[in-house]
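Visitor: could you work out the structure for the sequence below:
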Amino acid sequence: MKQLILILTLAFSFITSHAQIGGNGRYPDAPDHTPMMNSTWEAIDKMMYKVTTEGNKKVYTPHYPAELKKLQNKIVQLPGYMVPLNSGRNHSTFMLSVLPIAQCQFCGTNGIPPMVEIFMKKGTIKFTEEPIKLKGKMVFNPEPLKGNAEIQIIDAEIIR
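Guide: Below is the predicted model:
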């Protein structure tokens, strides 16, 4: 009887652990959380922060490595997922992430995915959970401690 309970417990554990794994193979209804990495995203992901203390407060100042500095004021192409900054259907400014917003509940388990702030050249783009691809000029925010993202893409346009 003990062996039967042990076997059933192990079988149940195996089934429930596999049911939680997402992907497009064995579980086609599970969302695909494949990062949209390319060489530009890899350079962005290398940005670090210098931590200093002013009084009792920690200050995080962005440090841009040489690989990333090469992209400053250059036109870049980035695939990714929209992360709205404001409520609504249409957006002219939003964050772009390598992972979909549905993945946010898992942020922190493997670090926070790289993101950039997008400023559309003209008009707005309707929110979508599908990946998009943009091109625009990469700039570094001169005062990131006052708000907004450290890395921004300005004059962004959708690439079809």
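Visitor: for the spatially most central residue of the chain, report the pLDDT, please.
Guide: When the chain is reduced to its mean C-alpha position, the nearest residue by CA atoms, centre = their mean turns out to be residue 97, at 2.7 Å. Residue 97 carries a pLDDT value of 91.
Visitor: so what's the residue count around the closest residue to it other than its chain neighbours?
Guide: Take residue 97 and drop its neighbours on the chain: the residue closest to it by CB to CB, 6 or more residues apart in numbering is residue 115, 4.6 Å away. C-beta: built from backbone N, CA, C; applies to glycine. By the other CB atoms under 10 Å criterion, the neighbourhood of residue 115 contains 20 residues.
Visitor: just checking, residue 115 touches residue 83?
Guide: Yes - applying CB atoms under 8 Å, one finds residue 115 in contact with residue 83, separated by 6.6 Å.
Visitor: what do the two both touch?
Guide: Taking CB atoms under 8 Å, 6 or more residues apart in numbering as the contact rule, residue 115 and residue 83 both touch 95-97.
Visitor: restricted to helices, list those residues.
Guide: Using DSSP state H, the subset of those located in helices is empty.
Visitor: could you list which of these belong to strands?
Guide: Of the positions in those, 95-97 sit in strands, assigned by DSSP state E.
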